[in-house]
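>>> sequence and computational prediction follow.
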Amino acid sequence: MANALLMPKATAVWLVDNTGLTFEQIAQFCTLHPLEVSAIADGESAQGIKGMDPVMTGQLTRDEIARGEKDATHRLKLSEPKVRVPDQKRKGPRYTPLSKRQDRPNAILWLVRNHPELKDAQVSRLVGTTKATIEQIRDRKHWNAANLVPMDPVMLGLCTQIDLDIEVQRASRGRDNAAPAGDTLLPASLTERLTPAAPKPRDDDAELDASAVFAKLSSLKSKDPEPDDE
């Protein structure tokens, strides 16, 4: 790991306030421009930034500061760190323990069958395999295809349920929703059309047909039986 100064601007603030180093020396040590260090000294830059003591953090010694104050041409050297932080590994295919590598084909078969929307790159990220192996299992050309059994990769410990859900959501973006199987309820837009039409309200102000009313009364009188004469 390359040895780098922590919080360069905060360190420059502390060196300006607490040492007699030149602006060029502070700029070289903190990887800043001399004009920026001059602005810090004038209060035009780094306002509100609390200075950080590089001696307390073990990145600079008192002797090195004194040597720089005596010689303006001296270039400050960063102290060797007492604790080494390992370099961050580059993100690559998921590592699979040896004890679980024999289960990867079964997990790939499960993913191919249950989530066909997943791309080969997504399956590779989930179980840590190659695209060639995925294609062989998908096309049933794997050397052990006859003995493969679909197994959930989450149950096998090859990936987490969260990782699987994320990949499935990514693969489902932009795809049409599958038609629901079996009997389902009709949407409201259709049920509203099937409801019977409400009867029209009676208009009390409408004029009555006089001839129709008298005709109805006469028909009722004709149906009444005539009384017998005594």
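Yep, it's here. Residues are numbered from 1 along each chain as shown.
>>> so residue 130 makes contact with residue 124?
Yes. With contacts counted by Cβ atoms under 8 Å, residue 130 reaches residue 124, the gap being 6.7 Å. Quick note: C-beta positions are derived from backbone N, CA and C, even for glycine.
>>> higher neighbour count, the two?
A count of neighbours by other Cβ atoms under 10 Å puts residue 124 above the other of residue 130 and residue 124, at 18 against 11.
>>> pLDDT score for the more buried one?
pLDDT for residue 124: 88.
>>> can we start the residue count at 794 from this point?
I'll keep to 794 as the first residue from here, and by that count the last item is residue 917.
>>> what helix or strand is it located in?
Applying DSSP states H and E as the criterion places residue 917 in helix 913-920.
>>> okay, buried residues for that helix please.
Buried residues in helix 913-920, counting neighbours by 16 or more other Cβ atoms under 10 Å, are found at 913, 915, 916, 917, 918, 919, 920.
>>> same deal with stretch 939-959?
For stretch 939-959, the neighbour count (16+ other Cβ under 10 Å) marks 941, 944, 946, 947, 949, 951, 952, 956, 957 as buried.
>>> for the fourth one, give me its contacts.
Under the criterion of Cβ atoms under 8 Å, 6 or more residues apart in numbering, the contact partners of residue 947 comprise 953, 954, 957.
>>> distance check, it against residue 955.
Per Cβ to Cβ, to the nearest Å, residue 947 is found 9 Å from residue 955.
>>> kindly report the same for the second one.
Relative to residue 955, residue 944 is positioned 19 Å away (Cβ to Cβ).
>>> what do you get for residue 851?
Distance from residue 851 to residue 955, by Cβ to Cβ: 39 Å.
>>> repeat that for residue 918.
To residue 955, residue 918 is 13 Å away according to Cβ to Cβ.
>>> check residue 834 too.
Remark: distance between residue 834 and residue 955 (Cβ to Cβ) = 51 Å.
>>> residue 801 contacts residue 826, doesn't it?
No. The criterion here is Cβ under 8 Å, and residue 801 misses it with residue 826 at 11.4 Å.
>>> of the buried residues of stretch 939-959, closest to residue 895?
Distances from residue 895 to the buried residues of stretch 939-959, taken as Cβ to Cβ, are shortest for residue 949 (10.1 Å).
>>> model confidence for the closest one, exactly?
84.
>>> need the contact list for the residue lying closest to it once chain neighbours are set aside.
In this structure, residue 949 finds its nearest non-sequential neighbour in residue 896, 4.8 Å apart by Cβ to Cβ, 6 or more residues apart in numbering. Each residue near residue 896 by Cβ under 8 Å, 6+ apart is listed here: 944, 949, 951.
>>> now do the SS call for residue 896.
Assigned state for residue 896: helix (three-state reduction, DSSP: H, G, I helix; E, B strand; the rest coil).
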